[in-house]
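>>> build me a structure from this.
(2 chains)
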Amino acid sequence: MDIHIKKVYVPMTETGFYILLCLQEPNHGYGIVQKVKEMTGGEIVLAPGTMYGSLSKMEYDGLINFVREENKRRIFVITKLGTEVLNIEMKRIERLYKNMKELRSGSGGEA
Amino acid sequence: MMKNKKTVYKYFSIPAWRKEEEYLSKMHEKGWKFTGANVPGLYHFERCEPQPVTYRLDYNKEGRRYRGEYVQMFKDCGWEYVCDFVGFSYFRKEGSVGEAREEIFCDETSMLDMMKRVFRGRIIPLILVFLFSVLPQMFIQSVGYSYRADAAGKVLSYVALGLAVVYLVLFAHTAVQFYKYEKSVSGESAGLRRKYAGLIALIVLILAGTGVSFWAINRSVYEVRETTDGYVVTADRLTSTVTKEYDLQKGDFVVFHIDCKYGQFHLSIAEENKKDDPCFFGDYHATTVGSFEIGEAGHYLVEVSGDHAEGQVEYTIRHFSPN
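Got it, this is the predicted structure:
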C-alpha cells in the first residue's frame, strides 16, 4: 500500500470507516447515510458535504469504484485496496476495544 | 404595491464564506429569500415568509461537474440547492443555525478539506498570477519604461507596484481568515499558530523585498564633477535632478555635450522666478552637442535630470566677451 494512502486513511475518520464498512455491498451516498443512522440508532447522521467529499476522494484514491447511476444517485462499491484499508482499521479498532475491555474489567475486579 | 424583488450589492472576500452564510440567513429571517447572485457581487432576493433558515456554502469542483447527483445528495439529506456563484454552491435548510443537524459537514477533516479546495481553486490561481504576471510586470515596467522613457511608462510601473501591494495585502487577509477558520474547526494549537505566523512572515518578507527591489531599480546612481565654468554629470542611472545656479548676462552661452547610452536625459535652463516656464528645455536619447544663448541677464537654474538615464552630460558656461 502506498504511503499516501496510509497517511490519509490510517487511522480513519468515523465517516470514512462507516463508508467503507457499508460499501462492502454496492450503495449510494444517501443509502450509506440511512444505513449508518439505523446502525447507530440515530446517533450519527452523516452530512451531505462530508459524504460527497469523502466519496469523491475515496474514488480518486481507488478505495471505492463507481458501479452505476440510479435516479441521479451514484452507486459505489469497495475495491481490493479499500478492503485492505478497512481490514487495517478493523484490526486497530478491535485492538482498541480489546484493550479497553481488559482495562475496564481489570479495574472493575479490584473494586 | 410592495416590491417583491430586490438586488443588493455585497462584497465578501474569498475566505469569508461564514460571513456570507450568516448574512443570507439574516436576510431570510427578515423575509428576503436568496435566489441567486452575479459578478461583481449582486445578490438577488425575493420576498418570503420571514423564518429561520440555515444557509451553507460548499466549494466542490467535482460537485459542479456532476451537478445532478451532487444536488441530489444534498436534497436527500434535506438541503435545498439555491445556486452556484464564483465556484461556491449555496444550500439552505429550514431551521435556525446551531441546531446539531443543520450542517453540511459533520467532521473536522471534511471541513478542512473544503478549506483546502477553496485554497486550490481560488487562492492558488491568484498566487500564480501574482508570481508570473504582477511581479514580473512591475520589474518590466520599471526597468523597461526607460526604452520609451515616457510618463505613461512611469505611471505603469507605479500601477504594477500598487497591484503587487494589493495582492500581498489580499494574501495576508486570506491567511488571517484561514487561520480563524482552522482555529474554529480544530482548536488552537502551537503548531497552527506557528504555521500561520510563518506564512504572514513570508508575506511581509515578500512585501519588503518588493519594496526594496522597486527602490533599487529606480534609485539614482551618479556622480557630479565640477569643471572650469561648468559641470560633468556621469550617471549609471539618473532618475533625479541635479540643479546648479548661475548669474548670467545677455549673450552668455550654455554649451552642452550629452552622451546618452540608455534611457533619456533632460536639460533645462530657467530663470529662477520662471521655473515652470524654462527658456530652454530638451530631451536627449543619444549623443548631442548644442548650445543656448542667454537672452536676458538674470539668475538662472541649470537642471540636468533623467529617466533611468545612463551616460554623461557635460556643460560649460561661455561668458560673453565684447571683444
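>>> quick one: the closest residue in space to residue A:23 that isn't next to it in sequence from chain B, how far?
In this structure, residue A:23 finds its nearest non-sequential neighbour in residue A:78, 4.4 Å apart by C-beta to C-beta, 6 or more residues apart in numbering or on different chains. Heads up, the C-betas are built off the backbone N, CA and C, glycines and all. Using C-beta to the nearest C-beta, to the nearest Å, we find residue A:78 at a distance of 19 Å from chain B.
>>> residue contacts, residue A:78?
Residue A:78 makes contact with A:20, A:23-24, A:63-65, A:86, according to C-beta atoms under 8 Å, 6 or more residues apart in numbering or on different chains.
>>> for residue A:25, same thing?
Taking C-beta under 8 Å, 6+ apart as the contact definition, residue A:25 lies against residue A:77.
>>> which SSE is the closest residue to residue B:16 other than its chain neighbours in?
Once flanking residues are discounted, residue B:16 sits nearest to residue B:177: 6.4 Å by C-beta to C-beta, 6+ apart. Assigned by DSSP states H and E, residue B:177 belongs to helix B:151-186.
>>> now do that helix: which elements does it pack against?
The contact analysis (3 or more C-beta pairs under 8 Å, 6 or more residues apart in numbering or on different chains; DSSP states H and E) places helix B:151-186 against helix B:108-118, helix B:124-129, helix B:135-148, helix B:190-218.
>>> tilt between that helix and helix B:190-218?
On the basis of axes from the mean of the first three to the mean of the last three C-alpha atoms, to 10 degrees, helix B:151-186 is oriented at 180 degrees to helix B:190-218.
>>> mean confidence score for helix B:151-186?
Averaged across helix B:151-186, the pLDDT comes to 89.
>>> and for stretch B:70-82?
95.
>>> ok, and what's touching that stretch?
In contact with stretch B:70-82 (C-beta under 8 Å, 6+ apart) are residues A:29-30, A:33, A:47-49, A:51-52, A:71-73, B:34-36, B:55-56, B:60, B:62-64, B:89-93, B:104.
>>> where does the prediction get shaky in the chain?
In the absence of a named chain, this looks at chain A. Chain A contains residues with pLDDT under 70 at A:106-111.
>>> looking at chain B here, not the other one
Applying pLDDT under 70 to chain B flags residues B:1-2, B:97-101, B:144-151, B:323.
>>> any idea how far residue B:170 is from the residue nearest the centre of it?
Nearest to the geometric centre of chain B sits residue B:163, at 1.3 Å (C-alpha atoms, centre = their mean). In this view, residue B:163 and residue B:170 are 10 Å apart by C-beta to C-beta, to the nearest Å.
>>> residues in contact with the residue nearest to residue B:16?
B:13, B:15-16.
>>> neighbour-wise, which of those residues leads?
The most neighbours of any of these, using other C-beta atoms under 10 Å in any protein chain shown, belong to residue B:15, which has 21 neighbours.
>>> how about it: what's its closest non-neighbour residue?
Counting by C-beta to C-beta, 6+ apart, residue B:15 lies nearest to residue B:177, which is 3.6 Å off, once chain neighbours are set aside.
>>> what of residue B:36?
Closest residue to residue B:36 apart from its sequence neighbours, by C-beta to C-beta, 6+ apart: residue B:83 at 4.4 Å.
>>> ok, the helix or strand where the one you found lies: who's next to it in the sheet?
Using DSSP H and E, residue B:83 maps to strand B:80-85. Partners of strand B:80-85 in the sheet, by DSSP bridges, are strand B:88-94 (antiparallel).
>>> check which residues of the strand it pairs with are buried.
Using 16 or more other C-beta atoms under 10 Å in any protein chain shown as the test for burial, strand B:88-94 gives B:88-93.
>>> and which of those residues is nearest to residue A:57?
Closest approach between the buried residues of strand B:88-94 and residue A:57, by C-beta to C-beta: residue B:89, at 17.2 Å.
>>> OK, contacts around the closest residue to the closest one other than its chain neighbours?
Closest residue to residue B:89 apart from its sequence neighbours, by C-beta to C-beta, 6+ apart: residue B:58 at 4.9 Å. Taking C-beta under 8 Å, 6+ apart, we find residue B:58 in contact with A:49, A:52, B:88-89, B:91, B:104, B:114.
>>> residue B:235 now?
Counting by C-beta under 8 Å, 6+ apart, the residues that residue B:235 touches are B:220-223, B:306, B:309-313.
>>> now the angle from the helix or strand harbouring it to helix B:190-218?
For residue B:235, the host element (DSSP H and E) is strand B:230-238. With the same axes, to 10 degrees defining the directions, strand B:230-238 sits at 150 degrees from helix B:190-218.
>>> partners of strand B:230-238, with directions?
Strand B:230-238 sits in its sheet next to strand B:221-227 (antiparallel), strand B:298-318 (antiparallel), going by DSSP bridges.
>>> out of those strands, deepest packed?
Neighbour counts (mean count of other C-beta atoms under 10 Å in any protein chain shown) averaged over each of the strands paired with strand B:230-238 peak at strand B:298-318, with a mean of 21.
>>> which of the strands paired with strand B:230-238 sits closest to residue B:258?
With C-beta to C-beta as the yardstick, what comes closest out of the strands paired with strand B:230-238 is strand B:298-318 (5.0 Å).
>>> all good on my end, thank you.
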